[in-house]
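Trainee: What follows is a predicted protein model with its sequence.
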Amino acid sequence: MALRALLPALLTPAVLTAQAGGAIADHVLTGGQVVTVDEDFTIAEAVAIKDGKIARVGTSAFVSELIGAATEVIELEGRTVVPGFIDGHAHMDREGLKFLHPDLSGARSVAAIVETIRREAASKAPGEWIVTMPIGDYPFYFDAESPSFLTEGRFPTRHDLDEAAPDNPVYIKAGWYYWRSKTPLVSVANTAALRAAGITRDTTSPHESIEIARDASTGEPTGVFLEHGGFGTIEFNLMKAVPRFTHEDRVRALRLGMKRYLAVGTTSVYEGHGVSASTIRAYRELWEMGELIVRSYLVHSPSWDAVPEAELDEFFEQWLPHLSGHGFGDEMLKLGGIWTDVGTNPMTELRKRGRPYTGWAGQAVDANLHPERGTFFELVLAAARARVRANMLWYVPNVLTRQLDALERVDAEVSIADQRFVVEHLTFVTDAQQERIKQLGLVATVLPNGNIWKSGGALTEGASASKLETFVPLRSFIDKGIPFAIASDNKPIEPLVALWSAVARSARENGEVLAPSQRITRAEALRALTMGGAYLSFEEDIKGSIEAGKLADLAVLSDDVLRCAVDAIPEIDVVLTMVGGKVVHRLER
């Protein structure tokens, strides 16, 4: 029977007659395949939920003993239930921000973009800003870095936008570099927007990586800006006049982001790259109102410039004691740990001009400690002394060796073996580095969707066969006993795409299988997406698997993720999501 025909049975509760014995369950999911992800990877038929926790798991007959008159029974009709996915590097707030502005997806011509602006102008008062999402298609904006993306072979100019909205300042935002991992980042302003920003033919670029496009005959700005650096900086300097995301925007974005993550079966997030004070404030507001429905563990993104005189030990002891140990909070919202990095560059300094605004990022623009204030070793040592868990991101393989050297020096002074320091974005990791990671008790997060599928071809171009075997080496991690969590990094957010990427290891550009010997099984990938994420937040005893006594966070899938065709995995629908025994997502057709 087709899924569509089964949906009414799946999504409409049936009330069954009470049976004697045992506590009466609030919900029972029965008649399917329950992948528990317990230690033995047990497959059951049904699960009962009481007071937000798993009450019983087993055969349908065994679990049905807890059905009463008030029990909501969901007939699975053979569908698969898995623990709710835990995204180990999520950026949930950023996902919601993508839906606050008008979308240009599907616009393949200047004319189509102009028409979108015209429609927006019809509902705006004179002088009111019109701000849109970037040129290109959500979520990746692939190929939109080139004017050939559009029919006319050029980007829209100030004059095109003026024609559509003569009485309003208009700005087409630049995207976040990591959505497509290519430059330039393109933004466009009309005449009124340029005037508001004070940009004229005499305006000079604040850095060589930011190009102000000009008319060849007049020298006047065309309204097009091309950013060739890795991070968007223009709204922090040249275009500071553009309306910024407000607190209310960030709260709204979190609501939208939660809805999107729940729709793909993600019930918990770990924000390992750190979140700024403004983002924490938005989370806290929803938590205080009882509206935070995705379990969230927030790592602190420090604003070093806000405490310019503080010594490192003082910073941790006086400002961040609540972040020590396993974190502070409850099962819905926890704060714990700190993002650690040292360094600066011209682009970072440009972004700091807009501090404390964070733009798309959600992390503090001054989160990297300036080298004049301390080394990476000194920063992490201060964190270890205060038992504030360090989270660090390693893009470049040779940086990994330097950081491991520093961590081993820290460990010689203050043991970090039980603190679960987190290393993120791992790509190339040699056998020797893996052994060092294991000895230090580090937890790894990996991004199969972004680093293997989306960018794997570019990242591995020219790599020798031996080096390729060290690329996102998941099989080696498992064989060596290195704990790791699979994460999305918001590119894309779907955990099943990440699971498929870990299993198939296929590059988007040409379908090449990258280091096939580093493939892992579907069961192993599922464990990394559930129990791996729970371990990351010190919560493996309360979530990450479907076992009696654990939180009732789970997802119902439209197909059997363990047995369907491999390339069908990304197409699996999440038809139902529960957090704490509450239905928070139902698939609508």
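Mentor: Noted; the coordinates are in hand.

Trainee: pLDDT at the spatially closest residue to residue 113 that is not a sequence neighbour, what is it?
Mentor: Spatial nearest neighbour of residue 113, chain neighbours left out: residue 107 (4.8 Å); criterion: C-beta to C-beta, 6 or more residues apart in numbering. C-beta: built from backbone N, CA, C; applies to glycine. At residue 107, the pLDDT value in this model is 97.

Trainee: Please name the residues that touch residue 107.
Mentor: 113, 116, 135 (C-beta atoms under 8 Å, 6 or more residues apart in numbering).

Trainee: What is the neighbour count of the last one?
Mentor: Other residues within reach of residue 135, judged by other C-beta atoms under 10 Å, total 26.

Trainee: surely it meets residue 110?
Mentor: No. Using C-beta atoms under 8 Å, residue 135 is not in contact with residue 110; the gap is 9.7 Å.

Trainee: and for the two, which residues touch both?
Mentor: With C-beta under 8 Å, 6+ apart as the test, residue 135 and residue 110 both reach 150, 155-156.

Trainee: and the gap between the residue nearest to residue 113 and residue 138?
Mentor: Per C-beta to C-beta, to the nearest Å, residue 107 is found 12 Å from residue 138.

Trainee: Same check on residue 363?
Mentor: In terms of C-beta to C-beta, residue 363 sits 22 Å off from residue 138.

Trainee: Name the residue in the two with the higher neighbour count.
Mentor: Higher neighbour count among residue 363 and residue 138: residue 363, with 24 against 16, using other C-beta under 10 Å.

Trainee: Report the contact partners of the more buried one.
Mentor: 273-276, 301, 339.

Trainee: in what helix or strand does it lie?
Mentor: Under DSSP states H and E, no helix or strand contains residue 363.

Trainee: Show me the residue at the heart of this structure, geometrically.
Mentor: Nearest residue to the geometric centre of the chain (C-alpha atoms, centre = their mean): residue 90, 2.3 Å.

Trainee: which ones are touching that one?
Mentor: 261, 266, 269-271, 487-490, 493.

Trainee: and with 7 Å instead?
Mentor: Residue 90 makes contact with 269-271, 487-488, 490, according to C-beta atoms under 7 Å, 6 or more residues apart in numbering.

Trainee: Pick the one among the residues you listed closest to residue 507.
Mentor: residue 488 (17.7 Å; C-beta to C-beta).

Trainee: So that closest one: helix, strand or coil?
Mentor: coil (DSSP: H, G, I helix; E, B strand; the rest coil).

Trainee: Now do the phi/psi pair for the closest residue to it other than its chain neighbours.
Mentor: Spatial nearest neighbour of residue 488, chain neighbours left out: residue 87 (5.2 Å); criterion: C-beta to C-beta, 6+ apart. Torsion angles at residue 87 (phi, psi; degrees, to the nearest 10) stand at phi -80, psi 110.

Trainee: Quick check: residue 42 touching residue 34?
Mentor: No. With contact defined as C-beta atoms under 7 Å, residue 42 does not reach residue 34; the gap is 8.4 Å.

Trainee: Which one of those two is surrounded by more residues?
Mentor: Looking at residue 42 and residue 34 with other C-beta under 10 Å, you find the greater number of neighbours at residue 34, namely 26 against 15.

Trainee: I'd like to check which residues are in contact with the more buried one.
Mentor: Counted by C-beta under 7 Å, 6+ apart, residue 34 has contacts 43-47, 57, 81, 546.

Trainee: Wait, residue 97 touches residue 253, no?
Mentor: Yes. If you go by C-beta under 7 Å, residue 97 and residue 253 touch, sitting 4.5 Å apart.

Trainee: Residue 252: how many residues sit nearby?
Mentor: Going by other C-beta under 10 Å, the residues that sit close to residue 252 add up to 17.

Trainee: per-domain residue ranges of this structure.
Mentor: 1-83+544-589, 101-236, 247-543 (automatic domain parsing).

Trainee: quick one: average pLDDT of the longest one?
Mentor: Within the predicted structure, the mean pLDDT of domain 247-543 is 96.

Trainee: Compute the first-to-last residue distance for that domain.
Mentor: End-to-end span of domain 247-543 (C-alpha to C-alpha, to the nearest Å): 31 Å.

Trainee: what do you get for stretch 198-205?
Mentor: In stretch 198-205, first residue to last residue: 13 Å (C-alpha to C-alpha).

Trainee: part of a strand, is residue 262?
Mentor: No. Using three-state DSSP, the secondary structure at residue 262 is helix, not a strand.

Trainee: now the closest residue to residue 437 other than its chain neighbours: how far from residue 460?
Mentor: Once flanking residues are discounted, residue 437 sits nearest to residue 482: 5.8 Å by C-beta to C-beta, 6+ apart. Separation of residue 482 from residue 460 (C-beta to C-beta): 21 Å.

Trainee: cool, and residue 398?
Mentor: Distance from residue 398 to residue 460, by C-beta to C-beta: 16 Å.

Trainee: cool, residue 37 as well?
Mentor: Here the distance between residue 37 and residue 460 works out to 31 Å (C-beta to C-beta).

Trainee: swap in residue 549?
Mentor: Taken as C-beta to C-beta, the span from residue 549 to residue 460 is 44 Å.

Trainee: which one of these two has more residues nearby?
Mentor: Neighbour count, other C-beta under 10 Å: between residue 549 and residue 460, residue 460 has more, with 21 against 9.

Trainee: Give me the distance between that one and residue 530.
Mentor: 28 Å.

Trainee: same thing with residue 288?
Mentor: With C-beta to C-beta as the criterion, residue 288 and residue 530 are 28 Å apart.

Trainee: what about these two, which has more around it?
Mentor: Using other C-beta under 10 Å, the more surrounded residue of residue 288 and residue 530 is residue 530, with 31 against 10.

Trainee: Helix or strand: which one has that one?
Mentor: With DSSP H and E as the criterion, residue 530 is inside helix 522-536.

Trainee: what does that helix contact?
Mentor: By C-beta under 7 Å, 6+ apart, helix 522-536 touches 35, 37, 41, 82-83, 85-88, 268, 270, 422, 443, 445, 478, 483-486, 495, 498-499, 502-503, 540, 543-545, 561-562.

Trainee: Run me through the strand neighbours of the helix or strand immediately after that helix in the chain, direction for each.
Mentor: Once helix 522-536 ends, the next helix or strand along the chain (criterion: DSSP H and E) is strand 554-557. According to DSSP bridges, strand 554-557 forms sheet pairs with strand 80-83 (antiparallel), strand 574-579 (antiparallel).

Trainee: tell me the mean pLDDT for strand 554-557?
Mentor: 98.

Trainee: Could you do stretch 64-74 as well?
Mentor: 96.
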